[in-house]
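Novice: I'd like to go over a predicted model; first the sequence, then the structure.
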Amino acid sequence: MEPIPQKNFLFLMIVFVLVSLVIIYIFSLRSQLNEVRANQGNYEEQIQSLSSIQNTDALKVNREFLESFFTYQTTGERYKKIKPFMTDQGFKATHPSGTVLPDSEESVKSSMVGLKPFEYQTSKTEAEFFNEFKLTTEFNNVAATDTVIVKTSLIFVKEQGWKVDDVEFIGQLTGH
């Protein structure tokens, strides 16, 4: 009769060891889960900071330039308003022919709404924006509205701040 209590004792010891291992494993998993949750919050903050556009000086200059360039009563007024935001190279890039400043007083009006700038800062002194907005242009009292995409390249000029160095018309989505 002695072997039965010894078997029970052995069985209870094995069960005790297994239960102890399961408890240790569960606490280990809980610890890992808490660590993952802590990291998740950190990652969410990093993703948020990457995906949201920072309200930088470059962004401000980009917005002011676009508002000046695409909201005007005459083309002559347009070029006077954008000059302070630009480098010489950038200013030349805005001319339709690339070389001569248009000085037309024809009835051309333009306005923009709904600017969505997407920033890519290549370094501390260079930033690029892909800008999407609705542009309404009126020529001889006939208006047309398009969704326009324009790329602007800005550089940081010592003692002057951010300046638009290049402007590139990417495309338009008509009828939107």
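Specialist: Received, thanks. Numbering: from 1, shown residues only.
Novice: Assumed residue 112 was part of a strand.
Specialist: Yes: the assignment for residue 112 by DSSP: H, G, I helix; E, B strand; the rest coil puts it in a strand.
Novice: Break down the protein into its strands, ranges please.
Specialist: Along the chain, counting by DSSP state E, strands occupy 108-123, 126-139, 142-157, 161-174.
Novice: Tell me what the residue positioned nearest the centre of the chain is bridged to.
Specialist: Residue closest to the mean C-alpha point of the chain, counted by C-alpha atoms, centre = their mean, is residue 118 at 3.8 Å. Under the criterion DSSP bridges, residue 118 forms beta bridges with residue 130.
Novice: distance between stretch 112-120 and the chain's centre?
Specialist: 9 Å (C-alpha atoms, centre = their mean, to the nearest Å).
Novice: swap in stretch 24-32?
Specialist: Centroid separation for stretch 24-32 versus its chain: 40 Å, with C-alpha atoms, centre = their mean.
Novice: any idea of the mean pLDDT in it?
Specialist: Averaged across stretch 24-32, pLDDT comes to 93.
Novice: Stretch 118-131 too?
Specialist: The average pLDDT for stretch 118-131 rounds to 86.
Novice: Identify each buried residue in it, please.
Specialist: 119, 127, 128, 129, 131 (16 or more other C-beta atoms under 10 Å). Bear in mind the C-beta positions are built from the backbone N, C-alpha and C, glycine included.
Novice: One more: stretch 135-152?
Specialist: Buried-residue list, stretch 135-152, by 16+ other C-beta under 10 Å: 135, 137, 146, 147, 148, 149, 150, 152.
Novice: okay, those in TSV with pLDDT next?
Specialist: Below are the buried residues of stretch 135-152 laid out as TSV (pLDDT from 0 to 100):
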residue	pLDDT
135	89
137	85
146	88
147	91
148	90
149	92
150	92
152	94
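Novice: would you turn those into JSON lines with distance to residue 94?
Specialist: Formatted as JSON lines, these follow (distance: C-beta to C-beta, whole Å):
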{"residue": "135", "distance to residue 94": "15"}
{"residue": "137", "distance to residue 94": "16"}
{"residue": "146", "distance to residue 94": "18"}
{"residue": "147", "distance to residue 94": "20"}
{"residue": "148", "distance to residue 94": "14"}
{"residue": "149", "distance to residue 94": "16"}
{"residue": "150", "distance to residue 94": "11"}
{"residue": "152", "distance to residue 94": "10"}
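Novice: Identify the farthest-apart pair in these.
Specialist: Farthest pair in these (C-beta to C-beta) is 137 and 152. Separation: 18.8 Å.
Novice: coming back round to it: and which of the buried residues of stretch 135-152 is nearest residue 56?
Specialist: Distances from residue 56 to the buried residues of stretch 135-152, taken by C-beta to C-beta, are shortest for residue 152, at 13.4 Å.
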